[in-house]
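>>> mind looking at a prediction? Sequence and model below.
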Amino acid sequence: MKPESGPNGTLSVMISSPAARNRYGGLTRYTHGLAQGMKQLGYDPIVIWLGEGWEMGFCVRVRAAAASAIRFWTVLPLHRRHRIAALVGVTWKSALPLVVASRLTGLPLVTIVHGSEYVRRSDMWTRSLKRWVLRRSSAVVAVSRKTASVVAQDGIPVSVVHPGVLLPYRNPLVASWSGGPGEFRVVTVARLVQRKNVEGVIRALAILQARGYPFTYTVVGSGPEEPRLRAVAAELGVPVEWLGDVPDEVLNEIYGKSHAMVLCSRASDRDFEGFGLVYLEANCHGLPVIGGRDSGAEDAVQDGITGYVVDPERPEQLAACLERLYLDPEHWRKMSSAARRWAESFLWERTASRILSHLRLPARIEPNNSV
């Protein structure tokens with residue numbers, strides 16, 4: 001049965017995403033940005049949240065059933081009502097029901113791989129299921145070279161397409177730093193889990209505090225590690241402002257008042273930072289950023305240009321980078337300018353276009369065009 005036109009007579013792209021824990025999580029922001037990019041290219045995005053979702057306003061939103069095995073039935077009636085051109089799974093799990101839908105409808109399917117969600121569980125059944133989904137996708141896209149290297153170990157062809165920056169950050173408050181003796185304000189934006197290594201930042205700041213540098217530290221985000229991290233900060237005598245989850249407007253103000261954003265995530269065989277959207281978001285505000293090696297930060301951060309990439313297990317390296325930024329305002333200004341230029345090159349429209357190219361779909365369409 002030929003699908004009818006979408007609400008504007010344009011083609012649609014169906015995006016299947018995991019349940020949103022909150023609107024500030026990485027996968028949620030990725031889904032929002034990708035849908036926005038598709039919209040800018042002339043497609044009507046249809047987002048299926050596999051559980052609780054986030055209302056985005058500019059696209060069709062569907063809350064799917066709870067069981068993965070039956071979610072593909074959500075796709076079939078939508079396929080008949082809209083001119084759906086392609087299916088996108090934001091993770092391998094959310095792509096699972098789309099594999100069946102792709103087979104039944106003949107629509108191409110692209111599956112996105114980020115990082116920790118692909119390596120977190122390593123039992124034989126899960127590994128086999130992940131590979132089954134990826135091998136039956138028309139294309140597999142990784143968000144970084146690090147992620148692509150992990151997928152390639154399973155013998156699966158994969159391309160790298162970097163994420164973009166969310167549109168709310170296109171008019172950011174821009175930070176400035178003219179040198180001491182004022183306080184140098186450091187911020188971390190992350191879910192408070194062990195991988196994010198907020199403890200490493202606290203220990204680096206303890207080193208700088210012992211040298212007499214006036215630093216402040218703000219942590220935006222929540223998670224199970226918060227009580228332990230509070231105890232570590234208290235033991236080391238490092239004052240930390242714990243803000244929890246905040247709306248975009250507040251985060252915009254925090255970035256605009258800060259001087260550096262630090263997220264030195266640890267990497268392991270079962271968990272690593274796939275890319276790190278917050279690096280680019282902080283760059284939009286002119287903040288130099290510091291990330292951890294052996295992770296997607298090596299794609300998101302231009303080492304020595306827009307920030308630094310350091311060993312996450314060596315807080316003295318992080319302390320040395322922050323010390324240089326504090327002592328050399330001219331270096332900070334050059335890095336800040338480079339950070340803004342770098343972030344401006346990461347457009348969600350470009351990300352969406354590259355993903356569509358892997359499905360041999362037009363990079364941009366006008367209403368009433370067909371494929």
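Received the coordinates, thanks.
>>> helix, strand or coil for the closest residue to G223 other than its chain neighbours?
In this structure, G223 finds its nearest non-sequential neighbour in L192, 3.1 Å apart by C-beta to C-beta, 6 or more residues apart in numbering. For every residue, glycine as well, the C-beta is placed using N, CA and C. Of the three states, L192 takes coil under DSSP: H, G, I helix; E, B strand; the rest coil.
>>> and L192, what does it touch?
Neighbouring residues of L192 by C-beta atoms under 8 Å, 6 or more residues apart in numbering: 198, 219, 221-226, 229.
>>> and the nearest residue to L107 once chain neighbours are set aside, what is it in contact with?
Spatial nearest neighbour of L107, excluding adjacent residues (C-beta to C-beta, 6+ apart): L87 at 5.3 Å. When contacts are counted by C-beta under 8 Å, 6+ apart, L87 touches 13-14, 16, 75, 95, 98, 101-102, 107-110.
>>> for the helix or strand encompassing S149, packing partners?
Take DSSP states H and E as the rule and S149 turns out to sit in helix 145-152. Using 3 or more C-beta pairs under 8 Å, 6 or more residues apart in numbering; DSSP states H and E, the elements in contact with helix 145-152 are strand 109-113, helix 116-119, strand 139-142, strand 159-160, helix 297-300.
>>> now do the phi/psi pair for the closest residue to V193 other than its chain neighbours.
Leaving aside its sequence neighbours, V193 sits nearest to G223 (C-beta to C-beta, 6+ apart; 5.0 Å). Here is the backbone geometry of G223 (degrees, to the nearest 10): phi 160, psi 170.
>>> now swap in A86 and tell me
Torsion angles, degrees, to the nearest 10, at A86: phi -160, psi 160.
>>> who are the contact partners of it?
The contact partners of A86, taken as C-beta under 8 Å, 6+ apart, are 13-14, 107-110, 356, 359, 361.
>>> can you pick the most crowded of those?
Neighbour counts for these peak at V13, which has 29 neighbours (criterion: other C-beta atoms under 10 Å).
>>> care to break the chain down by domain?
11-164+347-357, 168-344 (automatic domain parsing).
>>> any chance of the ones you listed in TSV, with mean pLDDT too?
Below are the domains of the chain laid out as TSV (pLDDT from 0 to 100):
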stretch	mean pLDDT
domain 11-164+347-357	82
domain 168-344	92
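>>> may I ask which helix or strand encompasses V187?
strand 184-189.
>>> before we move on, back to that, can you lay out the contacts of A86 as JSON lines showing distance to R324?
What follows is the contacts of A86, written out as JSON lines (distance: C-beta to C-beta, whole Å):
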{"residue": "V13", "distance to R324": "45"}
{"residue": "M14", "distance to R324": "47"}
{"residue": "L107", "distance to R324": "51"}
{"residue": "P108", "distance to R324": "48"}
{"residue": "L109", "distance to R324": "47"}
{"residue": "V110", "distance to R324": "41"}
{"residue": "L356", "distance to R324": "42"}
{"residue": "L359", "distance to R324": "45"}
{"residue": "L361", "distance to R324": "46"}
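>>> show me the strands in the stretch 251-371 of the chain, by range?
Applying DSSP state E, counting those that start in this stretch to the stretch 251-371 of the chain gives strands spanning 260-263, 289-292, 307-310.
>>> got the CA coordinates for the first one in CSV?
I take that to be strand 260-263. C-alpha atoms of strand 260-263 as CSV (Å, rounded to 0.1, in the frame of the first residue of the first chain):
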residue,chain,number,x,y,z
ALA,A,260,36.5,26.1,31.5
MET,A,261,34.4,23.0,31.2
VAL,A,262,36.0,19.8,32.4
LEU,A,263,34.8,16.2,31.7
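>>> how far does that strand sit from the chain's center?
With C-alpha atoms, centre = their mean, to the nearest Å as the basis, strand 260-263 stands 15 Å off its chain's centre.
>>> give me the buried positions along that strand.
Going by neighbour count (16 or more other C-beta atoms under 10 Å), the buried part of strand 260-263 is 260-263.
>>> thinking again about what came up before, got the contact list for the helix or strand following the strand holding V187?
Toward the C-terminus, strand 184-189 is succeeded by helix 198-210 as the next helix or strand (DSSP H and E). With contact meaning C-beta under 8 Å, 6+ apart, helix 198-210 is reached by 186, 188, 190, 192, 215, 217, 219, 225, 229, 232-233, 236-238, 240, 262, 264, 266, 312-313, 315-316, 318-319, 322-323, 326.
>>> pull helix 198-210 out as PDB, backbone CA atoms only.
Extracted in PDB, the C-alpha atoms of helix 198-210 (Å, rounded to 0.1, in the frame of the first residue of the first chain):
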ATOM      1  CA  VAL A 198      34.200  14.000  38.700                       C
ATOM      2  CA  GLU A 199      36.400  12.700  41.500                       C
ATOM      3  CA  GLY A 200      39.400  13.300  39.200                       C
ATOM      4  CA  VAL A 201      38.400  17.000  38.800                       C
ATOM      5  CA  ILE A 202      38.000  17.400  42.500                       C
ATOM      6  CA  ARG A 203      41.500  16.000  43.100                       C
ATOM      7  CA  ALA A 204      43.000  18.200  40.400                       C
ATOM      8  CA  LEU A 205      41.400  21.300  42.000                       C
ATOM      9  CA  ALA A 206      42.800  20.200  45.400                       C
ATOM     10  CA  ILE A 207      46.300  20.400  43.900                       C
ATOM     11  CA  LEU A 208      45.600  23.900  42.600                       C
ATOM     12  CA  GLN A 209      44.100  25.000  45.900                       C
ATOM     13  CA  ALA A 210      47.200  23.800  47.700                       C
END
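>>> with that, I have no additional questions.
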